[in-house]
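requesting a structural model of the entry that follows:
(one chain, ligands or ions: 2)
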Amino acid sequence: MTPTVIEPGSVLGVLGGGQLGALFTRAAAKHGYRVVVWDPDRDAPAHRLAAHSFTTPFTDRETVTRFASTVSAVTYEWENVPAELCEQLERQRPVRPSGGVLRSIQNRLVQKRFLAGHGFPVPRFAPLTDPNDLPDLVREVGCPVICKTAMAGYDGKGQWRIDEPSAVPPLVPSVQASALPGMQWIVEACVPFERELSILAARGVDGEVIVFPLVENEHEQGILRTTLAPALLPSGVAERAETLARGVIECMDGVGLFCLELFLLPDAVVLINEVAPRPHNSGHYTLDACSLSQFEQQVRAVCGLPPEPVRLLSPAAMVNLIGKDIETIKQDAECQRLLGLPGAYLHDYGKRETRPRRKMGHVTFLAEDRNIARERAEQFHRRLLDAIGHPDGL
Ligand code: ATP
Ligand code: MG
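Ligands and ions are numbered 1, 2, ... in the order given. So this is what the prediction gives:
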């Protein structure tokens, strides 16, 4: 049976109204759809673009009914929306990716077990249910390790890097303090990666998959800072990444737009760091550099349309604007010069409040020569670092 296609003119629902929800809303509007945004944060940027907004808590039963009756299909902008809510909505409307897929992803431990259990390569890991067991687990996994909260972490929040066993006892109280009822943690071997990579893949209801080019990422203080597209790596790495991306979303039977974060180790070994069931910060270059952006593919998947093959129209280098960077770029003459070059695209998320470590926008530099795009991004990045003094100043 051919799946039902949701036609332009229809209303789509998105849970979460941050920049990813806002960029989804724009992409949907470009293709003739209207979007209803549900985010309890009244200041969330997507509310200003929405055809209609809900700002009630995600537990509000009346809004569940109203939201479901207003939209033809539902998606979400990040994995920390309640899976139960997706499952409730799913009884009435397609939710893509499904609540079941969200459940197998949103808890880091469940996700790693799923991946390892299906033979996908991940760093060594062990579950932690009582922070008092941390010393034993650190010994078991082997230093250096990273201890991460199993749920609700992002941008490196809720993570502790442990380089030697003697560092563990002083950390136990802060790990303990992060505990919510029923909270678990995952203790992961800290792998000696040469590079961090990521790859986006979209899968339609008919099972067809397309992948975007593999890209290289650099992080600062646990937050993504730069992305370079395409990644130029030894032969076989891009194919390996693509095979993993296809394999993982097929194995999950996922419908939607996904991103795999990867570690490239010596000898071209590729491990999966994590899977996101949604557009990803490292895919923002697609807005300016691809024939179809990651958000447009998300719209297609949500509407039951097959994914469209993607062309990279130009090499690209993206730099995130974090915290006060958004003010620096307005005052700094060198930033202004770089932003004025042809091929520089500024995206300001319009967040009302600037906070440390908050993603406020990004800039993409396009150039025919990948090295030129990269150099411009590096110059721009250096200016931002000079202005804040040190990466810790984020
Ligand atoms: P984001 O929101 O940026 O995806 P996150 O909070 O979900 O971050 P992770 O992706 O697990 O957290 O970790 C953030 C960064 O910390 C990684 O991109 C990587 O730089 C580093 N990191 C995490 N796990 C490991 C590991 N096992 N070995 C080495 N580095 C790691
Ligand atoms: Mg990550």
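
do I have it right that residue 163 meets residue 138?
No: under the criterion of CB atoms under 8 Å, residue 163 makes no contact with residue 138, lying 10.2 Å away. (C-beta placed from N, C-alpha, C; glycine too.)

so for these two, which residue has more residues nearby?
When residue 163 is set against residue 138 and neighbours are counted by other CB atoms under 10 Å, the residue ahead is residue 138, at 22 against 10.

alpha carbons only: can I get stretch 183-192 in PDB?
Extracted in PDB, the C-alpha atoms of stretch 183-192 (Å, rounded to 0.1, in the frame of the first residue of the first chain):
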ATOM      1  CA  MET A 183      18.900   8.400  37.200                       C
ATOM      2  CA  GLN A 184      21.600   6.300  35.600                       C
ATOM      3  CA  TRP A 185      25.000   7.200  34.200                       C
ATOM      4  CA  ILE A 186      27.200   5.600  31.600                       C
ATOM      5  CA  VAL A 187      31.000   5.300  32.000                       C
ATOM      6  CA  GLU A 188      32.700   5.300  28.600                       C
ATOM      7  CA  ALA A 189      36.300   4.700  27.600                       C
ATOM      8  CA  CYS A 190      37.700   8.000  26.400                       C
ATOM      9  CA  VAL A 191      38.900   7.100  22.900                       C
ATOM     10  CA  PRO A 192      42.000   8.700  21.300                       C
END
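
list the buried residues for it?
Under the neighbour-count criterion of 16 or more other CB atoms under 10 Å, stretch 183-192 has 183-191 buried.

touching that stretch from outside, list them.
107-109, 112, 123-129, 131, 134, 137-138, 141-151, 161, 175, 263, 265-266, 271 (CB atoms under 8 Å, 6 or more residues apart in numbering).

inside strands: which ones of these?
Among the contacts of stretch 183-192, the members falling in strands (DSSP state E) are 125-128, 145-149, 161, 263, 265, 271.

got JSON lines for these, with pLDDT, neighbour count and distance to residue 221 too?
Rendered in JSON lines, the data for the ones in strands among the contacts of stretch 183-192 read as follows (pLDDT from 0 to 100; neighbours: other CB atoms under 10 Å; distance: CB to CB, whole Å):
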{"residue": "125", "pLDDT": "96", "neighbour count": "21", "distance to residue 221": "23"}
{"residue": "126", "pLDDT": "95", "neighbour count": "18", "distance to residue 221": "26"}
{"residue": "127", "pLDDT": "94", "neighbour count": "16", "distance to residue 221": "26"}
{"residue": "128", "pLDDT": "92", "neighbour count": "24", "distance to residue 221": "24"}
{"residue": "145", "pLDDT": "95", "neighbour count": "27", "distance to residue 221": "19"}
{"residue": "146", "pLDDT": "95", "neighbour count": "19", "distance to residue 221": "14"}
{"residue": "147", "pLDDT": "93", "neighbour count": "23", "distance to residue 221": "17"}
{"residue": "148", "pLDDT": "92", "neighbour count": "23", "distance to residue 221": "15"}
{"residue": "149", "pLDDT": "90", "neighbour count": "22", "distance to residue 221": "17"}
{"residue": "161", "pLDDT": "90", "neighbour count": "15", "distance to residue 221": "12"}
{"residue": "263", "pLDDT": "98", "neighbour count": "19", "distance to residue 221": "18"}
{"residue": "265", "pLDDT": "97", "neighbour count": "16", "distance to residue 221": "23"}
{"residue": "271", "pLDDT": "98", "neighbour count": "19", "distance to residue 221": "22"}
